[in-house]
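**Q** Prediction below, plus the sequence it came from.
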Amino acid sequence: MAKAGRPAATGAPPVRLKQKDLIAIEPMTREELELILDNTVGFKDIVTRTVKKVPTLRGKTVVNLFFENSTRTRTSFELAARRLSADVVNFDVATSSVNKGESLLDTVETIQALGADYVVIRHGSSGAQEYLGSRIDASIVNAGDGSHEHPTQALLDCFTIREEKGTLDGLRIAIIGDILHSRVARSNIWAMQKLGAHVTLVGPPTLVPERFRDFGVAISHDLKTGLRRADVVYTLRVQLERQARNLFPSLKEYRNLYGIDMERLKYAKSDALLMHPGPANIGVEVTREAMKCSQSRIEHQVTNGLAVRMAVLYLLPGGREYDTHADQ
Amino acid sequence: MTRTLISNGLVVDPAQGIHRRIDVLVVDGRIADLRAGIPAEQADETIDAEGLVVAPGFVDLHVHLREPGGEGSETIASGTRAAARGGFTTIFAMPNTNPVCDSQTGVAYLLSRAATEGAVKVVPIAAVTIGQKGEELTNLGTLKSVGVGAFSDDGRPIMNAQIMRRALEYTRMLEMPIFEHCEDMDLSGEGVMHEGLMSLRLGLRGIPRVSESIMVARNVALAAATGGHVHICHVSTRESVEAIREGKRNGVRVTAEVSPHHLTLTDDAVADYNTHAKMKPPLCAEEDRLALVAALEDGTIDCIATDHAPHSVTAKNDVFDAAPFGVIGMESAFPVLYTEFVRPGRWSLDFLIDRLTIGPARVVNRPLGTIRPDSPADIALLQLDAEYRFDESCLGSKSRNCPWLGRSMAARVAATIVEGRVVWRNEACFGGAKTPTRKRGGKKS
């Protein structure tokens, strides 16, 4: 594995992603995903040492543009950018003119005119980043679009699994919950399968429609069956408002059928990892006990999120000329 | 007396079973004679249709003109210009304007504006219920007497089955069809595209196929129960086709239309969040598209209607969730259907013209869609050996939300004639040879 945390020191031209933006995992190749994961190793060294900062993106500007609130993800991106010495602007949508009828494109053009090299966007509508990415020059990093994708989440999840298991090849991963509305699930389904894992989706038919089989995954409506021989148990956050639309009868029923506790974790392999993208509804999709148990990697996910986002910012062109890969 | 000779064209009029090279003599806006070798001296002017097809003007049962209230995306002037560009000489205007066309005033406004501004003939469709709210019936009989051609709450369904039943009972007396937008709003929910593999991939909320077919089945049942005539708008799924076929087999008064986009596109077109592929009903699967083509061929679906639905560039230039539903279709209808179905040999030219002329005319039981002697001289001249890129210059609409912009087409409308008046003429189709045009003082309608 290449340790690419401090590429400027090696003198060799660094290998970067060919794409301008990171919007979705689906169109990416295994090699591209591995390039990001390999680079994450080096960045993780940086975030865990005493002096946590490198000059890689000095003079670059990263704008965090969040149309949906997410303190966790935004903070992770912000910290990642700062550790790379970039200037960071958090564009607070709630107080901006976006709410006064300014269009999405107007807002982002303004940001670009201010000289942004990277724009990290979270938006409630699927495809919003694709819409913007084709219209502006800065590198767009998708921090979640509607129910479509959340690529850095999948990358940090795969990095966490690889760190523990060495590889995703041949692993059996169960993803439990509201797959239909989950961008985390979509990105993970693509990423995990591209990296060689077998994915089983677990949940009721209202949240896990049959048609998902066409993604190449298996489906189980029964938790015990779905978790059999699993190496990773990945449970999703229950969106509480789904209940109101009768996608499942009640939180109690959901917990009874699909909630993960210490007993049910045993349906999977004894060394299975328990993961969750956070924040968890404790006592619904997962118990506190399970979250804190030795099999849980939920805290690792957060740490790794920082490293993976540093790697992504480093690997995207971000205003650099495409043909010259020269740093500084 | 104004006498115009359309000479040397290939006349194709499926209603009369004509497909031959003959001349057409138009006198004072009506067809006077149809035969080979009409001497040019009989006419004041001659349109040389050498190399062109002379067809009855197309009839579109489903057009949104947006005026009044939506003039930013279309007006009666621009919408009828789009019709003329597409070879349509009579269009039926949906009432979902602002205010809704649900009164004599609304109908009178549309008719008077169309008379002064319209390039082609406009037949008003009045709402079935006041304000299209689905609650109280409009004055259906009175509205018929002032010239409406059908009733519809299009844009939304009549969800209350009792209201629909009453409407069908009542309009049976009037011998008028109800054009119904079949959609169960609860099933559609917040859906923005067809529910299928593509919606799962894109993470867009799906509209289940049963959302349409459940309402088609209900409306066929209500038509059977009442004897009323229900016309199913923009059919999009295989199951809907089956329900209509079954209804027709049982003698129910049900007719149906299909749009050019549902005949040619599937939900694959949404792949890059293309808002020009967002409409209701949504583009469905390939199996649905094939079922629609077969249904149009076997007569289960009676005609082609465009559901021309203009939306401004600003409105459509947005994220998929936020963009409005609908595409424009009159300018592109003939070119795209010819290119997709006639050129590859699946349909005869006569079949396509049938479904654009006499097919819709029969649905509304009006003497349209044919150029019999003494009928109005509503004519489309068509060029079939064209090869060109369909772009914005081909549009007459104020809007640009056409899903076929940029594609290559094999046919185009050379000219459109309404009651003897040339309302659209593409000089490129007339071999550069300018035909003499003469100022006329004839009637201006």
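**A** Received the coordinates, thanks.

**Q** any idea how far residue A:224 lies from chain B?
**A** 26 Å (Cβ to the nearest Cβ, to the nearest Å). In short, each C-beta sits where N, CA and C put it, glycine included.

**Q** What pLDDT is listed against the closest residue to that residue other than its chain neighbours?
**A** Closest residue in space to residue A:224, ignoring its immediate chain neighbours: residue A:267 at 5.0 Å, by Cβ to Cβ, 6 or more residues apart in numbering or on different chains. pLDDT recorded at residue A:267 is 98.

**Q** Tell me where the stretch 51-200 of chain A has strands.
**A** A:61-66, A:87-92, A:118-123, A:139-145, A:172-176, A:198-202 (DSSP state E, counting those that start in this stretch).

**Q** Make JSON lines out of those strands and add distance to chain B and mean pLDDT.
**A** Formatted as JSON lines, those follow (distance: least, Cβ to the nearest Cβ, whole Å; pLDDT from 0 to 100):
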{"stretch": "strand A:61-66", "distance to chain B": "14", "mean pLDDT": "93"}
{"stretch": "strand A:87-92", "distance to chain B": "17", "mean pLDDT": "86"}
{"stretch": "strand A:118-123", "distance to chain B": "7", "mean pLDDT": "94"}
{"stretch": "strand A:139-145", "distance to chain B": "7", "mean pLDDT": "96"}
{"stretch": "strand A:172-176", "distance to chain B": "14", "mean pLDDT": "98"}
{"stretch": "strand A:198-202", "distance to chain B": "11", "mean pLDDT": "98"}
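
**Q** Please convert those to a markdown table, extending it with mean neighbour count and distance to residue A:219.
**A** Formatted as a markdown table, the strands of the stretch 51-200 of chain A follow (neighbours: other Cβ atoms under 10 Å in any protein chain shown; distance: least, Cβ to Cβ, whole Å):
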| stretch | mean neighbour count | distance to residue A:219 |
| --- | --- | --- |
| strand A:61-66 | 23 | 33 |
| strand A:87-92 | 16 | 39 |
| strand A:118-123 | 26 | 28 |
| strand A:139-145 | 27 | 24 |
| strand A:172-176 | 25 | 10 |
| strand A:198-202 | 23 | 5 |
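
**Q** now those as JSON lines including distance to residue B:290?
**A** What follows is those, written out as JSON lines (distance: least, Cβ to Cβ, whole Å):
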{"stretch": "strand A:61-66", "distance to residue B:290": "43"}
{"stretch": "strand A:87-92", "distance to residue B:290": "48"}
{"stretch": "strand A:118-123", "distance to residue B:290": "36"}
{"stretch": "strand A:139-145", "distance to residue B:290": "33"}
{"stretch": "strand A:172-176", "distance to residue B:290": "35"}
{"stretch": "strand A:198-202", "distance to residue B:290": "30"}
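
**Q** Give me the secondary structure label for residue B:97.
**A** coil (DSSP: H, G, I helix; E, B strand; the rest coil).

**Q** For it, give its distance to chain A.
**A** 24 Å.

**Q** residues near that residue, how many?
**A** Using other Cβ atoms under 10 Å in any protein chain shown, the number of residues around residue B:97 comes to 23.

**Q** wait, doesn't it sit right on residue B:63?
**A** No. Using Cβ atoms under 8 Å, residue B:97 makes no contact with residue B:63, being 11.6 Å away.

**Q** Run through the residues that contact residue B:336.
**A** Neighbouring residues of residue B:336 by Cβ atoms under 8 Å, 6 or more residues apart in numbering or on different chains: B:260, B:264, B:390, B:404, B:407, B:409.

**Q** Ok, residue A:123 next?
**A** Residue A:123 sits in contact with A:67-68, A:104, A:129, A:144-146, B:319, where contact means Cβ under 8 Å, 6+ apart.

**Q** Go again with 10 Å.
**A** For residue A:123, the contact set (Cβ atoms under 10 Å, 6 or more residues apart in numbering or on different chains) comprises A:65-68, A:93, A:104, A:129, A:131-132, A:142-146, A:148, B:319, B:321.

**Q** go on, residue B:37?
**A** Shown in contact with residue B:37 (Cβ under 10 Å, 6+ apart): B:7, B:22-23.

**Q** Sketch out the low-pLDDT regions of the chain for me.
**A** Just going to use chain A. For chain A, residues meeting the criterion pLDDT under 70 lie at A:1-14, A:92, A:94-102, A:243-244, A:320-328.

**Q** please go with chain B instead
**A** By pLDDT under 70, the low-scoring segments of chain B are B:431-445.
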